[in-house]
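1. Have a look at this fold, sequence not included:
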């Protein structure tokens, strides 16, 4: 879990949930842009990694309910009585469920490219075929099929070319890849659990 800010009682708490097959590093540019203080005073940002993503633990189940309960438990364990909740893509779907589960704690709900629109950049036929493969257990979710790489640059470029297309910057792909690889030069592998790419309900 990433914490940015001192977390004192006078600090405005923000909980940020990343997207499917992503990791907490994707929020680093946004946190830099937001700054450590808002109109109501200092802020503290908490960015957990969803189960099976990045450096988090792996599990047998990756349902929306699992992600939701994990996020609720994070908020409770941190003692966040009132907080702003941010979610991107899958994280946005989870954020909506969190807000419905503990509405008394969520002061603001911010949804970034909710996962319902995640296929908008793809041709309709391609999106339909992709969903069909994933629903039948034959797809690879948002992962490129390749999970092993010889160099860091190869892994980074794979994010740009195969998954993110034109909307991710080189900086974003670099941060994502730094956090999302295990191993060493000549034998890198994606750190996110491959089961995450299966159907999520």
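-> Nice, thanks for sending it over. Remember, it's a predicted structure, so these values are computed and weren't measured experimentally.
2. Check the chain for its longest helix and report it.
-> Looking across the chain with DSSP state H, the single longest helix is helix 64-77.
3. List the buried residues for that helix?
-> 66-72, 74-75 (16 or more other C-beta atoms under 10 Å). The C-beta positions use only the backbone N, C-alpha and C, and glycine is treated the same way.
4. now stretch 82-101
-> Neighbour-count burial for stretch 82-101 [16+ other C-beta under 10 Å]: 83-99.
5. Find the nearest non-adjacent residue to residue 74, please.
-> residue 48 (5.0 Å; C-beta to C-beta, 6 or more residues apart in numbering).
6. is it true that that neighbour touches residue 72?
-> No. At 11.3 Å, residue 48 does not count as touching residue 72 under the criterion of C-beta atoms under 8 Å.
7. For the longest helix of the chain, what is the distance to the chain centroid?
-> 14 Å (C-alpha atoms, centre = their mean, to the nearest Å).
8. picking that back up, determine which two of the buried residues of helix 64-77 are furthest apart.
-> 66 and 75 (15.4 Å; C-beta to C-beta).
9. Tell me which residues touch residue 43, please.
-> 5, 11-14, 34-37 (C-beta atoms under 8 Å, 6 or more residues apart in numbering).
10. Cross the residues you listed against strands and list the overlap.
-> Among the contacts of residue 43, the ones falling in strands (DSSP state E) are 12-14, 37.
11. what about burial for the residues you listed, which qualify?
-> For those, buried by 16+ other C-beta under 10 Å: 12-14.
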